[in-house]
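>>> Fold the following and give me the result.
(one chain, ligands or ions: 1)
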Amino acid sequence: MKSWMRRTLIAVASLAAVAGATLAAGNALATRKMQRTVDVRVAPVAIPGDAAAIERGAYLYATRDCADCHGADGAGRTFIDTGQWRPTSRPAAAARWRATPTPRPSSAR
Ligand code: HEC
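The predicted structure follows:
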């Protein structure tokens, strides 16, 4: 065999071996990560329900911009409604959509 051919063959075989080893190592690491068990300690959280706590919550809701996304009464807000998702091609579904009061639950979208 000509020497340049042999050198090319060795280079290609070496690259293939390195690529194979890299894939095998990556696969082994990914599998190990997927199969690991993470211990999460679940501890009950005390949720106060007294008038002072409720007033504090309303204050935080109002001052931390929660209403920006959740609406003034917490019912949610519509951000984008292009009308493109509406099932206009199916009359029964379209009628159901029109009958659903706004703000619509996400399952009605
Ligand atoms: C930028 C928009 C945005 C702001 C501001 C925001 N939220 Fe949310 N919030 C969301 C979205 C979106 C979800 C739904 C996430 C999901 O279901 O994965 C959510 C979910 C929640 C939930 C869970 C509701 C459920 O039924 O599981 C609570 C509670 C909540 N938000 C409270 C708050 C409070 C309190 C604030 C203010 C401190 C706040 N959010 C500010 C967008 C926002």
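>>> Can you show me the strands along the protein?
Ranges of strands within the chain: none, based on DSSP state E.
>>> Give the residue spans of it that score low on pLDDT.
By pLDDT under 70, the low-scoring segments of the chain are 84-91, 93, 104-109.
>>> Which positions in it make contact with the ligand?
Contact residues, the chain versus the ligand (C-beta under 6 Å from any ligand atom): Tyr61, Arg64, Asp65, Cys66, Asp68, Cys69, His70. The C-beta positions use only the backbone N, C-alpha and C, and glycine is treated the same way.
>>> hmm, which of these are the buried ones?
For the residues of the chain next to the ligand, a neighbour count by 16 or more other C-beta atoms under 10 Å gives an empty buried set.
>>> tell me which of these is nearest to Ala28?
Cys69 (42.5 Å; C-beta to C-beta).
>>> I'd like to know how many residues surround the residue lying closest to the closest one once chain neighbours are set aside.
Spatial nearest neighbour of Cys69, excluding adjacent residues (C-beta to C-beta, 6 or more residues apart in numbering): Arg77 at 6.4 Å. By the criterion of other C-beta atoms under 10 Å, Arg77 has 11 neighbours.
>>> just checking, Arg77 touches Thr102?
No - at 10.2 Å, Arg77 and Thr102 do not qualify as touching, with contact defined as C-beta atoms under 8 Å.
>>> count of neighbours near Val12?
The number of residues packed near Val12 is 10, by other C-beta under 10 Å.
>>> ok, so what distance separates it from Lys2?
15 Å (C-beta to C-beta, to the nearest Å).
>>> what do you get for Ala58?
Distance, Ala58 to Lys2, by C-beta to C-beta: 85 Å.
>>> Compare these two (neighbour count), which wins?
Ala58 (10 against 7).
>>> Contact partners for Gly76?
Cys69, His70, Pro103 (C-beta atoms under 8 Å, 6 or more residues apart in numbering).
>>> Out of these, which comes closest to the ligand?
Checking the contacts of Gly76 against the ligand with C-beta to the nearest ligand atom, the nearest one is Cys69 at 3.0 Å.
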